[in-house]
Each structure stands twice: as C-alpha cells, then as structure tokens.
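Peer 1: Kindly generate the corresponding structure for this input.
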Amino acid sequence: MPIPMPSRLPGRPRVLYALVATAAASLIGAALLLQVIDQLEPCPLCILQRYAFTFLALFAALAAALPGRASTACALLSLACGLTGAGVAAWHVRLQLFPPEEASCGPSLQYLLSNLPLGRALPRIFQGYADCTQVDWTFLRLTMAQWSLVWLIALSGVLLVALRRR
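Peer 2: Sure thing, here's the model as predicted:
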C-alpha cells in the first residue's frame, strides 16, 4: 500500500501563520549568528530587512494566536511587512549587482534616524553606501540580500495561501 504524500501545505491558516513566524524568527537568529561568528556588520539596508523579518514574525505569531478578524488583520500586517521587506531586499540586490560609481561610507542607520526627520533619512538610507554594495557572504552562490529576498517572497507567498484559506 503506497504511503500518502501531502500534495500541498497544511490546511489550517493558524498552522501556516505559526510556520511563517517560526521561519522568520529562525532567519533573524541565523543572521545574528552569522554576524557574531563571521563578524559581519549589517549595512543600513540589512538592518531594515531585519526589521521586516522581525515584524513579519511578530504579526504572524499574533495571527496564529488571535481569533477571527484580529487574526486576519495581523496576517495582513505580516504580509505588508514581508512585501515591504522584499522591496528593500530587491533594492539591496540591485545595488549589489549594479553598484553606483561613487559609493562612499555614509553615516549609520541609527545616526540617520536619530538626527534627521524620517522624510530626509529614508532617501539617504536607500542611496546605498559602500558597505551596502559590498558582498561579504555567499551561500550556494547567493548573497545575504538575495537570500533575504527569496525568503521574504516565500514567506509572503505562504501568508497569501493562508489568507485565501480563511
């Protein structure tokens, strides 16, 4: 008798939300571990992607825990964080593939956000600095920014599947 193989993701949205939250939290842990072990300093765009993963995990966990409309609202917030993070990661990948001719090390993200209004800080963050264009780590020939983009798109896809099953 053949063993039945699951042909799709688990059916319950709460399980999917919990899986997304666990995966996103695990990826943050992996990034922090690589930062410590390989002594990789995150650039401003990396930090924004970490925020996206963190809020994606937080809202997905809340979506798994809360009932009804609150769950759906949290899942939508999680999806928004995932898609926003994917946009940041796509910009980061673009900067790494096509670095600007004149790149210079700029101020840190913390400095920009604490000393400039958000409307002036965000354009400076997305300009890309030398450390944003530099590739310090690869795995299976993909950079950290490319892996971040892959995971953010994948997790957002799982959230979409879970939201459609509501």
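
Peer 1: which residues sit in contact with the residue most central in space within the chain?
Peer 2: Note on the chain: the residue nearest the mean C-alpha position is Phe53, at 4.0 Å, using CA atoms, centre = their mean. For Phe53, the contacting residues are 24-25, 27-28, 31, 85, 148, 151-152, by CB atoms under 8 Å, 6 or more residues apart in numbering. (C-beta placed from N, C-alpha, C; glycine too.)

Peer 1: From Gln35, how far off is it?
Peer 2: Distance, Phe53 to Gln35, using CB to CB, to the nearest Å: 14 Å.

Peer 1: Do I have it right that Thr54 meets Ala31?
Peer 2: No: checked against CB atoms under 8 Å, the pair Thr54 and Ala31 is beyond contact range at 10.3 Å.

Peer 1: Compare neighbour counts for the two and give me the winner.
Peer 2: When Thr54 is set against Ala31 and neighbours are counted by other CB atoms under 10 Å, the residue ahead is Ala31, at 19 against 16.

Peer 1: all helices of this structure, in order?
Peer 2: Ranges of helices in the chain, per DSSP state H, are 13-37, 44-65, 68-97, 109-115, 118-127, 130-133, 144-164.

Peer 1: export these to a markdown table and tack on mean pLDDT?
Peer 2: Compiled in a markdown table, these are given as follows (pLDDT from 0 to 100):
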| stretch | mean pLDDT |
| --- | --- |
| helix 13-37 | 92 |
| helix 44-65 | 93 |
| helix 68-97 | 94 |
| helix 109-115 | 70 |
| helix 118-127 | 65 |
| helix 130-133 | 65 |
| helix 144-164 | 94 |
